[in-house]
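Chemist: Mind folding the following:
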Amino acid sequence: MAEFDDTGEKSQIPERILIAAARVMEREGFANASLRQIAEEAGMTKAGLYYHVASKETLLYALHERFAMKLRDSAQRITESDNSPTDKLRELIIETVQTAGIYQAEGTVFLREYSHLSGEMAVTIGKGRDQFRTDFETVLKQGMETGEFRSGDAHLDALAILGACNFTAFWFDPDGAMKIEQIADAFADRLLYGMRTPGNDKGEKA
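Modeler: Presented below is the predicted three-dimensional model:
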């Protein structure tokens, strides 16, 4: 996983450090988490941690990239596909909810703490978030143009859908009655129902 070092270049952070950082920051919060705690969680010395990590901020950035890169690649593929807007939106919703569940700690930490990022990292993250939202807006506008979706403000609709999907990271229980795949499917059904024009059955599951 890439991170910015003190020179602005990118380096690799071992998986166990990222997992440890997600656990500690989720439990303690960014401000209260220390590199010593993260090192202990990862089963290594603080000096060993500093060999891979420049600061807590670079770890926060790397936690975002751990789940965001997958989402960005998927969103671009879905948006550029030849599927109908309804099918595209369903796939975008499912991908977002499932990723929020799979990378729950990383998602929770980032969504709660991303304001601590600054400089190049903040700019890079901001551009990525804007592009991801724009992919949703593009699909929503396509659906409005074809008559599959109700006319309205695609930007506002995208924010509402993304808010519902992303917040899954805060409440999803891996040991609960429903698997994340079932929750993602249910979200897609309900959110799409709200977007479809009356009488439109495009994208309905058999």
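Chemist: residues of the longest helix anywhere in the chain that come out buried?
Modeler: Longest helix in the chain, counting residues (DSSP state H): helix 119-146. By 16 or more other CB atoms under 10 Å, the buried positions in helix 119-146 come out as 121, 125, 128, 132-133, 135-144. Heads up, the C-betas are built off the backbone N, CA and C, glycines and all.
Chemist: Which strands or helices does that helix pack on?
Modeler: When contacts are defined as 3 or more CB pairs under 8 Å, 6 or more residues apart in numbering; DSSP states H and E, helix 119-146 packs onto helix 56-79, helix 85-102, helix 154-166.
Chemist: helices or strands next to the longest one in the packing?
Modeler: Where contact means 3+ CB pairs under 8 Å, 6+ apart, helix 56-79 is packed against strand 2-4, helix 15-28, helix 85-102, helix 104-113, helix 119-146.
Chemist: Recalculate using a threshold of 10 Å.
Modeler: With contacts taken as 3 or more CB pairs under 10 Å, 6 or more residues apart in numbering; DSSP states H and E, helix 56-79 sits against strand 2-4, strand 10-12, helix 15-28, helix 35-42, helix 46-52, helix 85-102, helix 104-113, helix 119-146.
Chemist: Next, the angle from the last one to helix 56-79.
Modeler: Going by axes from the mean of the first three to the mean of the last three CA atoms, to 10 degrees, helix 119-146 is angled at 20 degrees with respect to helix 56-79.
Chemist: mean confidence for helix 119-146?
Modeler: The average pLDDT within helix 119-146 is 93.
Chemist: Report the distance from it to the chain centre.
Modeler: From the chain centre to the centre of helix 119-146 is a distance of 12 Å (CA atoms, centre = their mean, to the nearest Å).
Chemist: Repeat that for stretch 175-187.
Modeler: 17 Å.
Chemist: how close does the most centrally placed residue in the chain sit to residue 132?
Modeler: Most central in the chain under CA atoms, centre = their mean is residue 68, positioned 5.0 Å from the mean C-alpha point. Per CB to CB, to the nearest Å, residue 68 is found 8 Å from residue 132.
Chemist: quick one, which of the helices and strands packed on helix 56-79 is nearest to residue 184?
Modeler: Nearest to residue 184, of all the helices and strands packed on helix 56-79, is helix 85-102, at 3.8 Å by CB to CB.
Chemist: count of residues packed around residue 16?
Modeler: Residues near residue 16, counting by other CB atoms under 10 Å, number 12.
Chemist: Residue ranges in this protein under the pLDDT threshold?
Modeler: Scanning the chain for pLDDT under 70 picks out 1-11, 199-206.
Chemist: can you tell me which residues contact residue 150?
Modeler: Shown in contact with residue 150 (CB atoms under 10 Å, 6 or more residues apart in numbering): 140, 143-144, 157, 194-198, 200.
Chemist: try it again with 7 Å
Modeler: 195, 197 (CB atoms under 7 Å, 6 or more residues apart in numbering).
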